[in-house]
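Enquirer: How does the following fold in three dimensions:
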Amino acid sequence: MQPIDDAGLPLGYPFNADWEITPREYRRRRDAGEAIVLVDCRTPAERDLATIAGSVHVPMHELGAHVERLREHESTPIVVHCHHGARSLQVTAALRQAGFDDVRSMAGGIHLWSLDIDASVPVY
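Expert: Numbering: from 1, shown residues only. I've put the predicted structure just below:
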């Protein structure tokens, strides 16, 4: 396992607070009762392997078909996750371009979630 710093990120991770949220920060806010929509943008096959409870599945390749469905959450913070964080950054950018103001990518994706937050979520 790669060493994790005090913020819950792999050492040397190029974290961008304007675009990302750490798994620890997401969990803290969720556990404090804040309404946050967690969007899983991975493929159905990936979701079958591992899932974060409470996430909404919107595969990246189907985002255009689901943007209007996500509008009901437009005034709620949205966190997007994928496997490691690259696709979720792309989805975050697309949602911002579509007018969503409070959307960020989960740094390190479900992989970091599994390593740092919930070991019961399988690593793949």
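Enquirer: quick one: contacts for residue 25?
Expert: Residue 25 is in contact with residue 8, counting by CB atoms under 8 Å, 6 or more residues apart in numbering. In short, each C-beta sits where N, CA and C put it, glycine included.
Enquirer: Now the residue nearest the centre of the chain: closest residue in space that isn't a chain neighbour?
Expert: Residue closest to the average C-alpha location in the chain (CA atoms, centre = their mean): residue 81, at 2.4 Å. Excluding the flanking residues, the one nearest residue 81 by CB to CB, 6 or more residues apart in numbering is residue 106, at 3.9 Å.
Enquirer: Give me the number of neighbouring residues for residue 24.
Expert: By the measure other CB atoms under 10 Å, the count of residues near residue 24 is 18.
Enquirer: Confirm that it lies within a strand, as I assumed.
Expert: No: Residue 24 is assigned helix when assessed by DSSP: H, G, I helix; E, B strand; the rest coil, not a strand.
Enquirer: Residue 112 and residue 23 touch, don't they?
Expert: Yes: Residue 112 lies in contact with residue 23 (CB atoms under 8 Å); the separation is 5.4 Å.
Enquirer: Residues that sit against both of the two, list them.
Expert: Common neighbours of residue 112 and residue 23 (CB under 8 Å, 6+ apart) are 8, 106.
Enquirer: same for the top helix by length along the chain, what does it pack against?
Expert: In the chain, assigned by DSSP state H, the helix with the most residues is helix 86-97. Helix 86-97 sits against helix 63-70, strand 78-81, strand 103-106, with contacts defined as 3 or more CB pairs under 8 Å, 6 or more residues apart in numbering; DSSP states H and E.
Enquirer: gap between residue 100 and residue 43?
Expert: Using CB to CB, to the nearest Å, we find residue 100 at a distance of 22 Å from residue 43.
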